[in-house]
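*Asks:* For reference, the sequence and a predicted model appear below.
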Amino acid sequence: MAASSVLKWDPKSLEIRTRTVEKTLEPLVIQVTTLVNAKGVPGHLKGKSKRGPILVQTVERATADFVLKGEQIANANLEMRNELLTAVEGVRQTGDVMSVASKEFVNDPCTTAKRANMVRAARNLLSAVARLLILADEVDVRKLIKSLHLVEANLERFRNATSQQELVEQYQVFNSTVGDLTMKAALRQRELKDPRMRDDLASARAMLKKNSLMLLTASKAYVRHPELPEARENRDFVFKQVCEAVKSISNVARGERGVDGARFDNAGDLAALLDAFDESVVMDPHNYREATMRAELEKALEGIISRAAFMADSPCTRDDRRERIVAECNSVRQALQDLLTEYMDTVKSRAGSSAELDYAVEHMTRKTKDLRRQLRKAVVDHVSDSFLETNVPLLVLIEAAQAGDQAEVEEYSHVFSEHAEKLVEVATLACSMSDQDDGVRMVRYAAAQIEALCPQVVNAARILAARPKSKIAQENMDAFKLSWENQVRILTEAVDDITTIDDFLAVSESHILEDVNKCVLALQERDADTLDRTAGAIRGRTARVCNVVEAEMENYEDNVYKKRVVDSAVVLRDHVILNFIQRVHVAVEAFGSGNVGAVNDIDFIESARMVYEGIREVRKSVLMGRSAEEIESESDLEEEEIYESKSKIAGFGENQSEVDNSRARMMTQWPEEDKKKIAAQVRLSWDDCGMGLFTGLSCAYNQHVPGQAS
């Protein structure tokens, strides 16, 4: 069949941007394509297809519907009426030509010329209908742009307001037009095919919503306190944010991509380097060239190691993690040299792949995998430490501002800024080890918002410190506080999304074990400040663990696995940690009043141990949903070694298994009546707490040993 007799129509040539246009065109394309592909059915006279006339009538009805709807849209939109009617006429004319050509083809489907004529008519009809649909879509775009212009005009009037009353009045007008704009933008977002444009619209809508309240409070603060430069900076910042959001919506409406979006791409540069290195070391030994490839591979590896060293040298990287990273880097270097030696030996011997070479390749990939795991856990070390009690620096700053202490505000503003910088730095590190493009884009966008917002939060605090009795200054501070907390929450959730929960739980378990030992040591040294501060960190870490686990379980359907994980998190949060914090409060108050005898060290240590056991139970419950291969490939045996070597919680003086054995020996010597009471208590503890046999035994033991009642 000649090329001209085949329907080749590319809708992309007409720049169709929305899903609705594509979906509306799709039935007509199917109908026309079916008609073009129709062939004569054997047994019918002159090769005529009995189905052909039905297909022709279907296309004619579809064309007539497009003409009718096009005329209705044109009459409802006078600004584009002439353009739409011209497009409607094009559909009508091409439809008539298609009707004639298709009838001729149906009557004689074996003639190549008639098929070719119908194919040309079909292309012209589809193009005409597509133009009409695109123009109809342009009606929505113009409505969106009209709404944009209205918002811009109202924003300018709001900016020029000179009194509090005028500000409130103009803000109400502006806010109503913003609501209409965001609604139209949301509809456009759902329609667009381009994911980048959808993301741009989503971020612009979020920015408008986020800055709406701050726009009013910052403007009121500036009008009320124009003598303060920080008030002007607050207002100008919010106006700039709103203007950028409006501009972003305008660009998308006109079919233009935002230029800023590209800077949030390029996911996982360090992870990508490791992936590329893993691919480059696997090759046909006959393709290995010692003169060039050795230097190239060594250079690539040193680039990875230099990045790994930067992460290892970070102040938040734990000493033991730093040592493991350094050790893995050395192991990877040695594995590469061994592999290159095997490649060179294979080339010299002119033999094929050998067992030694296969082992060297496997060893090389295993070592890079070990390095990758240590780097991931180093990232989670940072996440676990930095995204803990993230509101404390802000609350301290606001407290100083409310007291009117400008010197303290300046001091705490540095602490707050360093905290914000740390959040951004850790988020960047998390991005470097992630291969989730969308997740990394979200993290980088949220981190950029944190960077931009941080100095304005400080400015709001300075305004309040300068005018501590000003209600308007306090409202402005509250608005920026709310925006900051929301943005930190968004960043936290985004970082959690690109870090694996298995790594997070393993690292959190290790950190909580360290903190538990610090608490017990502080108890023994009667150090109330360290005890209170470390217990607060433990409470924060356990809350983070429970939040992360419960958020992860929302992705699962209701089943036994999910119930077990959620139950273990609930027990930890609602029972174990509360019991521990209660004992911490008793100890801190006792140390402060000098009544040291009121503290039962054994009970305190037991409650601290139960916190660690609770965290470990949560992690074990999560791992129950993993296959053996996943656990073997992703879990780090070092965590098990930590548990075995450090299960001797400071202050116990003996391994927990020895404690269990000692208790068991004592229980065998008790009267039968006490044994029955203990057995009943064990069953009650098991049913009520779901903490396992050991917890029930521990509770029963403490209630029946003299001097150990909890």
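*Replies:* Structure received. Numbering: from 1, shown residues only.
*Asks:* so what does the lengthiest helix in the chain touch, helix or strand wise?
*Replies:* Determined from DSSP state H, the single longest helix within the chain is helix 112-159. Helices and strands touching helix 112-159, by 3 or more Cβ pairs under 8 Å, 6 or more residues apart in numbering; DSSP states H and E, are helix 19-36, helix 52-76, helix 81-107, helix 164-191, helix 195-224, helix 229-253. C-betas here are computed from N, CA, C, even on glycine.
*Asks:* quick one, which of the ones you listed is nearest to Lys299?
*Replies:* Lys299 sits nearest to helix 195-224 of all those, at 34.0 Å, using Cβ to Cβ.
*Asks:* Tell me the buried residues in that closest one?
*Replies:* Buried residues in helix 195-224, counted by 16 or more other Cβ atoms under 10 Å: 197-201, 203-208, 210-224.
*Asks:* Make JSON lines out of the helices and strands packed on helix 112-159 and add distance to Val545.
*Replies:* Converted to JSON lines, the helices and strands packed on helix 112-159 look like this (distance: least, Cβ to Cβ, whole Å):
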{"stretch": "helix 19-36", "distance to Val545": "41"}
{"stretch": "helix 52-76", "distance to Val545": "56"}
{"stretch": "helix 81-107", "distance to Val545": "59"}
{"stretch": "helix 164-191", "distance to Val545": "35"}
{"stretch": "helix 195-224", "distance to Val545": "28"}
{"stretch": "helix 229-253", "distance to Val545": "34"}
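*Asks:* Kindly report which one of the ones you listed carries the lowest mean pLDDT.
*Replies:* Among the helices and strands packed on helix 112-159, helix 19-36 carries the lowest mean pLDDT, a mean of 69.
*Asks:* ok, now how distant is Arg232 from Val443?
*Replies:* 32 Å (Cβ to Cβ, to the nearest Å).
*Asks:* So which of those two has more stuff around it?
*Replies:* Between Arg232 and Val443, counted using other Cβ atoms under 10 Å, the more crowded position is Val443 (28 against 16).
*Asks:* which ones are touching the residue nearest in space to the middle of the chain?
*Replies:* In the chain, the C-alpha nearest the mean C-alpha coordinate belongs to Ala494, at 2.9 Å (Cα atoms, centre = their mean). Contact analysis of Ala494 by Cβ atoms under 8 Å, 6 or more residues apart in numbering lists Ala427, Gly439, Met442, Val443, Ala446.
*Asks:* let's go with 6 Å and repeat that
*Replies:* Met442, Val443, Ala446 (Cβ atoms under 6 Å, 6 or more residues apart in numbering).
*Asks:* Name the residues of stretch 96-106 that are buried.
*Replies:* Neighbour counts over stretch 96-106 (16+ other Cβ under 10 Å) mark Val97, Met98, Ser99, Ala101, Ser102, Glu104, Phe105, Val106 as buried.
*Asks:* ok, so of these, who is nearest Val576?
*Replies:* The nearest member of the buried residues of stretch 96-106 to Val576, counting by Cβ to Cβ, is Met98 at 74.6 Å.
*Asks:* Does the closest one touch Val119 like I think?
*Replies:* No - using Cβ atoms under 6 Å as the test, Met98 is too far from Val119 to be in contact (10.3 Å).
*Asks:* contact partners of stretch 611-631?
*Replies:* With Cβ under 6 Å, 6+ apart as the test, stretch 611-631 has contacts from 505, 509, 512-513, 516, 549, 561, 564-565, 568-569, 572, 576, 580.
*Asks:* Of these, which is the nearest to Ala161?
*Replies:* Nearest to Ala161 among the contacts of stretch 611-631, counting by Cβ to Cβ, is Val549 at 48.9 Å.
*Asks:* for that closest one, what are its contacts?
*Replies:* Val549 makes contacts with Ala569, Val618, as judged by Cβ under 6 Å, 6+ apart.
*Asks:* quick thing: my sequence starts at 369, can you match it?
*Replies:* New numbering, starting at 369: the last item is Val917.
*Asks:* Give me the pLDDT for it.
*Replies:* On pLDDT, Val917 comes in at 93.
*Asks:* Under a three-state scheme, what state does it occupy?
*Replies:* Three-state assignment for Val917 (DSSP: H, G, I helix; E, B strand; the rest coil): helix.
*Asks:* any idea how far it lies from Val875?
*Replies:* Applying Cβ to Cβ to Val917 and Val875 gives a distance of 14 Å.
*Asks:* again, but for Gln804
*Replies:* Per Cβ to Cβ, Gln804 is found 19 Å from Val875.
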